[in-house]
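Participant: model this:
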Amino acid sequence: MQVPTEWRYFSRPAKALIALYVLAYLVATSTHSLDLITRGMYRVASVPNWINWFWFCLTFLDPLAVLVLLARVPAGIVLMLGIIYADVAINAFVTLRLAGPEHLLDFFFLCQSGFLLFISATCAVALKASLRPWVAKTERLCLRPLRPGDLRPLARVLTDPESMAWYPSPLTLAQTRNWIRRNRARYRKYGFGLWAVIHRETGMFVGDCGVTLQTIDGEVLPEVGWHTLPEWRGRGFAPEAGAAAIGYCAARFGIRTVYSYCEEGNLPSRRVMEKLGMEIVKTYEEKGKTKVVYRRQGTPTAAPEGEAEARKGER
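Facilitator: Have a look, this model is predicted:
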């Protein structure tokens, strides 16, 4: 679900708006439920029967809108807007028909209209913030949480034999989907993981980058990692994104010492590590292969509690 997973990445205005939307709809749900119990609003004889049925359905649409909002903010806001516009319009019609125009400004209708104006005026801010909850920005790139919709572009690099030459094997599409799920679970548990890297000027997907907990020579350590689509390589995006991820984790979580490791012959990855200001601290043998470990050291700090979540050779 988007809100529980990405809540920490939303801006403060977006958090406030989403909280107000949820609160307002919880109130609306309770009032519609009360009407259902007392049967005070669903048996208006002088209006078309479909209006009575519509009011009855609102009892179930309101909590559905809240659930959709928690699962996917943009879709939830759109559903909420649709419900409140329809509800205000029908209430206005019924009030005019039964009581006349002088009753249009009663308290209940004013509350409805006020919420309609509020959500209409603020939904653009909430939509923008929910669609782009940036973790970090650089001159050319943005880091944001990975989402299920990133499956296809991410799979282009994770299933590519050339890109994954230093891994045990390329991933399958199903493994790439699990990769995204695992990182979204990391966001919830730790607040960090591998994030999507987006080119700011074009909005195109560049790859992924971030910090994860890895078992390196028997120790669970924070490790910076990255994957870049072939067409974006050679432009310095990996070290730029890596520096942004390291800076975010240092500022937000106090992780000032990070590591990275690879096979000794993986020269492209080693060049990125060096551009990140990392230095070799040791080598070790694993399954007949020599691994080299780099470290960028700041103020010594312990890694967050938890076990390494990926098998050796995975990020």
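Participant: what residues go with each domain of this protein?
Facilitator: 2-131, 136-296 (automatic domain parsing).
Participant: Would you reformat these as TSV and include mean neighbour count and mean pLDDT?
Facilitator: C-beta coordinates here come from the backbone N, C-alpha and C atoms, glycine included. As requested, these are exported to TSV (neighbours: other Cβ atoms under 10 Å; pLDDT from 0 to 100):
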stretch	mean neighbour count	mean pLDDT
domain 2-131	16	76
domain 136-296	18	94
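Participant: And residue 87, how close does it get to residue 197?
Facilitator: Computed as Cβ to Cβ, to the nearest Å, the residue 87 to residue 197 distance reads 42 Å.
Participant: scratch that, residue 155 is what I was asking about
Facilitator: For residue 155 relative to residue 197 (Cβ to Cβ), the value is 15 Å.
Participant: and what of residue 217?
Facilitator: 28 Å.
Participant: what does residue 211 give?
Facilitator: Between residue 211 and residue 197 the computed distance is 13 Å (Cβ to Cβ).
Participant: pretty sure residue 153 is in contact with residue 199, am I right?
Facilitator: No. Counting by Cβ atoms under 8 Å, residue 153 sits too far from residue 199 to count as a contact (11.6 Å).
Participant: Could you tell me which residues touch both of these two?
Facilitator: residue 205 (Cβ atoms under 8 Å, 6 or more residues apart in numbering).
Participant: What does residue 239 show for phi and psi?
Facilitator: phi -70, psi -30 (degrees, to the nearest 10).
Participant: do the same with residue 161
Facilitator: phi -60, psi -40.
Participant: In the stretch 51-200 of the chain, what residue spans correspond to strands?
Facilitator: Applying DSSP state E, counting those that start in this stretch to the stretch 51-200 of the chain gives strands spanning 136-137, 141-144, 194-199.
Participant: Can you tell me, leaving aside adjacent residues, what's nearest to residue 236?
Facilitator: Using Cβ to Cβ, 6 or more residues apart in numbering and skipping residues adjacent in sequence, the residue nearest residue 236 is residue 275, 7.6 Å away.
Participant: same deal with residue 226?
Facilitator: Per Cβ to Cβ, 6+ apart, closest to residue 226 is residue 209, 4.0 Å.
Participant: Name the residues linked to that neighbour by a beta bridge.
Facilitator: Bridge pairing for residue 209 (DSSP bridges) gives the partners residue 195, residue 226.
Participant: With the one 5 residues further on instead?
Facilitator: The bridge-partner assignment for residue 214, based on DSSP bridges, gives residue 221.
Participant: Tell me how far it lies from residue 16.
Facilitator: 36 Å.
Participant: try residue 234
Facilitator: Distance from residue 234 to residue 16, by Cβ to Cβ: 42 Å.
Participant: where does stretch 198-215 sit relative to the chain's centre, distance-wise?
Facilitator: Centroid separation between stretch 198-215 and its chain, computed with Cα atoms, centre = their mean, to the nearest Å, is 13 Å.
Participant: ditto for stretch 266-280
Facilitator: 29 Å.
Participant: Please put the alpha-carbon coordinates of that stretch into PDB.
Facilitator: Extracted C-alpha coordinates of stretch 266-280, given in PDB (Å, rounded to 0.1, in the frame of the first residue of the first chain):
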ATOM      1  CA  ASN A 266      34.400  -5.900 -11.800                       C
ATOM      2  CA  LEU A 267      36.300  -2.700 -12.900                       C
ATOM      3  CA  PRO A 268      33.200  -0.600 -13.800                       C
ATOM      4  CA  SER A 269      31.700  -1.000 -10.300                       C
ATOM      5  CA  ARG A 270      35.100  -0.300  -8.700                       C
ATOM      6  CA  ARG A 271      35.400   2.900 -10.700                       C
ATOM      7  CA  VAL A 272      32.000   4.100  -9.400                       C
ATOM      8  CA  MET A 273      33.100   3.200  -5.800                       C
ATOM      9  CA  GLU A 274      36.200   5.300  -6.200                       C
ATOM     10  CA  LYS A 275      34.300   8.200  -7.700                       C
ATOM     11  CA  LEU A 276      32.100   8.000  -4.500                       C
ATOM     12  CA  GLY A 277      35.200   8.600  -2.400                       C
ATOM     13  CA  MET A 278      35.400   5.000  -1.200                       C
ATOM     14  CA  GLU A 279      38.600   3.200  -0.400                       C
ATOM     15  CA  ILE A 280      39.600  -0.500  -0.400                       C
END
